[in-house]
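S.K.: here's a sequence, model it:
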Amino acid sequence: MLESLEGYLQAERGRQLEELLDFLRIESVSAQSAHGQDMARAAGFVAADLRRTGFDRVEVLATGGHPVVWAEHLPQPGGPTVLIYGHYDVQPPDPLERWHTPPFVPDLREGRIYARGASDDKGPLFIALKALEALRRTAGELPLNVRCLIEGEEELGSIHLEPFVAAHHEMLQADLVLSADGAMWRASEPSLTLAAKGLCGVEVRLWTANQDLHSGRHGGGVPNALHVLAELVAGLHDALGRVTVEGFYDRVRNLTAAERTEIATLDFDEEAYRGVLGLGELWGEEGYSTLERQWARPTLELNGMGGGYQGEGGKTVVPSEAMAKITCRIVPDQDPDEIRSLLQETLLRRTPPYARIEVAAQGGSSNWYRMPPDHPVLALAGEVLQEVTGRGPVRVRMGGTEPCADLFQRELGVSTLFYSFSTADEQYHAPNEFFRLERFDQGLRAWAILLAHLPEVLGATDGISREEGSR
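M.R.: Numbers count the residues shown, from 1 in each chain. This is a model prediction of the structure:
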């Protein structure tokens, strides 16, 4: 089987790459209403590809926002079923002036594809789609039952995914979720991600006077909205890097000595990391290494802030309004809704009497996720990565958030294996996002081989409860 698979992938590589470039040309920016038609085009692209592969049922289904693509092909009655997850939406490409080539005109250079969505998540998702195609064409049939759930709101926090999953349990039943989303740790070393942080956020608006005021006439006599908000958000951390929101750390499950040792043994050069980012010094919660902070400690970040005059030239005003966007990444055993409430209460309580503030929820909230370290699919995935890359994978955690994983555990009772072939340095969410062609080729082989052997390990039902698995 492997020989015919290799031959097919080599023969079809040019066509598959051209199809991926077509996918990347679709401006499927879920956050911007102007791209509504592009979102529909991207969903249609995925659906058409699954139909060509021979899936029995393929549907583009409405949600409260952008649609999901659902498909199933069940050639093995009574056999194991895998649910493949990914997303077709992408982040806004701004700031456009920092791109070396247009974000939706894919550019092949130096063994990479540069385009918005190339690494997150269109490239990795396309690997999964083409691996399914390769198996159908070379083996005649898939070795297990497959369902697909490809959403269009992951970059918005998957805000309509939970009600969709809750309403379609029967259509999504599976023994395992394979996620095409989520990146490996770095390009030089394969990895398997066992945990991801949760996420919650707020948008803050603060007012002082009822209008912007002349800074000469009123300066020194009235409060400045930007000053007030800047002091508020700066006070959300202390001098040691700890978050000062009351109750923020109350539920945090601290790392065990064994977990800290496991992280410390990873080959990670903090000074090299600092240099790559152009930083004078690293920063964060005192008493923890950089990887511990990023993977296992909760964080609070100011994502954006604005107010006052920002046009060309000067305008001497005392701003009367300011805004900020704040997100928190949470860890076991924090609750995202509780953390958001604590943050809202802290900001309201600390606002001085000469200002008024509104703190509203921003996006959906997502819980943290942990895959059971003894799940049998991890050993198989490790063997496949060893075969394809020549190196055994390290086990790592994710500082980012994959809302689907906790959701699938809660609603469907199954674990999620993150099996993306993007890597953390590929500038997703930033200008000049790229995807390595080497990873594209490795991913096609790895996905096809993993799918071919999954029936061997999925004979034992996943059935791991939230308490045993995620918790």
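S.K.: CA atoms only: put stretch 393-411 into CSV for me.
M.R.: The C-alpha coordinates for stretch 393-411 follow below in CSV (Å, rounded to 0.1, in the frame of the first residue of the first chain):
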residue,chain,number,x,y,z
PRO,A,393,8.3,13.3,18.3
VAL,A,394,8.6,15.2,21.6
ARG,A,395,5.4,15.8,23.6
VAL,A,396,4.6,19.4,24.2
ARG,A,397,1.8,21.8,25.2
MET,A,398,0.1,24.6,23.3
GLY,A,399,0.0,28.2,24.5
GLY,A,400,-2.8,28.9,22.0
THR,A,401,-6.4,27.7,22.1
GLU,A,402,-8.3,25.1,20.1
PRO,A,403,-12.0,25.5,21.2
CYS,A,404,-13.0,22.4,19.4
ALA,A,405,-11.0,20.0,21.6
ASP,A,406,-12.8,20.6,24.9
LEU,A,407,-16.1,20.9,23.1
PHE,A,408,-15.7,17.4,21.5
GLN,A,409,-14.7,15.9,24.8
ARG,A,410,-17.7,17.4,26.6
GLU,A,411,-20.4,16.9,23.9
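S.K.: looking at that stretch now, give me its mean pLDDT.
M.R.: Here stretch 393-411 scores 92 as its mean pLDDT.
S.K.: how about the helices of this structure, start to end?
M.R.: All helices of the chain, identified by DSSP state H, fall at 2-24, 36-53, 123-139, 161-167, 169-172, 215-218, 225-234, 257-264, 270-276, 290-296, 336-350, 376-389, 403-412, 437-457.
S.K.: tell me which of the ones you listed lies nearest to I150.
M.R.: helix 36-53 (5.2 Å; C-beta to C-beta). Every residue, glycine included, has its C-beta placed from N, CA and C.
S.K.: so what touches stretch 279-287?
M.R.: When contacts are defined by C-beta atoms under 8 Å, 6 or more residues apart in numbering, stretch 279-287 is touched by residues L240, G241, R242, E270, Y273, R274, T290, R293, R297.
S.K.: just how off-centre is that stretch within its chain?
M.R.: 24 Å (C-alpha atoms, centre = their mean, to the nearest Å).
S.K.: repeat for stretch 201-220
M.R.: Counting by C-alpha atoms, centre = their mean, stretch 201-220 comes out at 36 Å from the chain centroid.
S.K.: what do you get for stretch 359-370?
M.R.: 13 Å.
S.K.: let me know the outermost residue of this structure.
M.R.: In the chain, the residue that sits farthest from the middle, by C-alpha atoms, centre = their mean, is R217; the gap is 48.6 Å.
S.K.: can you tell me how far that one is from T316?
M.R.: Noted for R217: a distance of 10 Å to T316, by C-beta to C-beta, to the nearest Å.
S.K.: what about the nearest residue to I84 once chain neighbours are set aside, how many residues nearby?
M.R.: Once flanking residues are discounted, I84 sits nearest to C148: 4.7 Å by C-beta to C-beta, 6 or more residues apart in numbering. For C148, the count of nearby residues is 28 (other C-beta atoms under 10 Å).
S.K.: could you do the one 3 residues further on as well?
M.R.: By other C-beta under 10 Å, 30 other residues sit near E151.
S.K.: residues contacting it?
M.R.: Contacts of E151 (C-beta under 8 Å, 6+ apart): H66, V68, V69, Y85, G86, H87, Y88, D89, S158, L161, C404.
S.K.: thought the first one was touching G152?
M.R.: Spelled out, that is H66. Yes: the criterion here is C-beta atoms under 8 Å, and H66 meets it with G152 at 3.4 Å.
S.K.: so what sits against both of these two?
M.R.: In contact with both H66 and G152: S30, M39, A43, D89, using C-beta under 8 Å, 6+ apart.
S.K.: which one of those sits closest to G79?
M.R.: Distance to G79 across those (C-beta to C-beta) is lowest for A43, with 28.6 Å.
S.K.: count of residues packed around the closest one?
M.R.: Neighbours around A43, by other C-beta under 10 Å: 23.
S.K.: what's near enough to touch it?
M.R.: When contacts are counted by C-beta under 8 Å, 6+ apart, A43 touches V60, H66, P67, V68, V69, Y88, I150, G152.
S.K.: out of these, who's the most crowded?
M.R.: Top of these by neighbour count (other C-beta under 10 Å): Y88, with 30 neighbours.
S.K.: against E231, how distant is it?
M.R.: Between Y88 and E231 the distance is 41 Å, computed by C-beta to C-beta.
S.K.: same thing with Q76?
M.R.: Using C-beta to C-beta, Q76 is found at 62 Å from E231.
S.K.: which of those two has more neighbours?
M.R.: With neighbours defined as other C-beta under 10 Å, Q76 and E231 compare such that Q76 has more, 15 against 11.
S.K.: quick one on the thing from earlier: of all the shared contacts of H66 and G152, which two lie farthest apart?
M.R.: S30 and A43 (10.9 Å).
S.K.: give me the common contacts of these two.
M.R.: H66, G152.
S.K.: low-confidence stretches in the chain?
M.R.: Filtered on pLDDT under 70, the chain yields the residue ranges 1, 460-471.
S.K.: hmm, try it at 50
M.R.: Scanning the chain for pLDDT under 50 picks out 461-471.
S.K.: break it into its domains for me.
M.R.: Domains of the chain are assigned by automatic domain parsing as 2-196+368-457, 198-252+298-361.
S.K.: A264: which of the ones you listed is closest?
M.R.: Nearest to A264 among the domains of the chain is domain 2-196+368-457 (12.7 Å), distances taken as C-beta to C-beta.
S.K.: ends of that closest one, what's the gap?
M.R.: 19 Å (C-alpha to C-alpha, to the nearest Å).
S.K.: now swap in stretch 361-372 and tell me
M.R.: Start-to-end span of stretch 361-372 (C-alpha to C-alpha) is 31 Å.
S.K.: report the buried residues of that stretch.
M.R.: Q362, G363, G364, S365, S366, N367, W368, Y369, R370, M371, P372 (16 or more other C-beta atoms under 10 Å).
S.K.: for the third one, phi and psi?
M.R.: Backbone geometry at G364, expressed as degrees, to the nearest 10, gives phi -80, psi 170.
S.K.: wait, it sits on E154?
M.R.: No: taking contacts as C-beta under 8 Å, G364 lies outside contact range of E154: 10.8 Å.
S.K.: which residues are common contacts for these two?
M.R.: P403.
S.K.: ok, back up a step: let me know the closest of the buried residues of stretch 361-372 to V331.
M.R.: W368 (5.7 Å).
S.K.: so what's that closest one closest to, chain neighbours aside?
M.R.: Sequence neighbours aside, G198 is the residue nearest to W368 in space, at 4.0 Å (criterion: C-beta to C-beta, 6+ apart).
S.K.: what is the one you found paired to in the beta sheet?
M.R.: I330 (DSSP bridges).
S.K.: and W295, how far is that from W368?
M.R.: Here W295 is placed at a distance of 11 Å from W368 (C-beta to C-beta).
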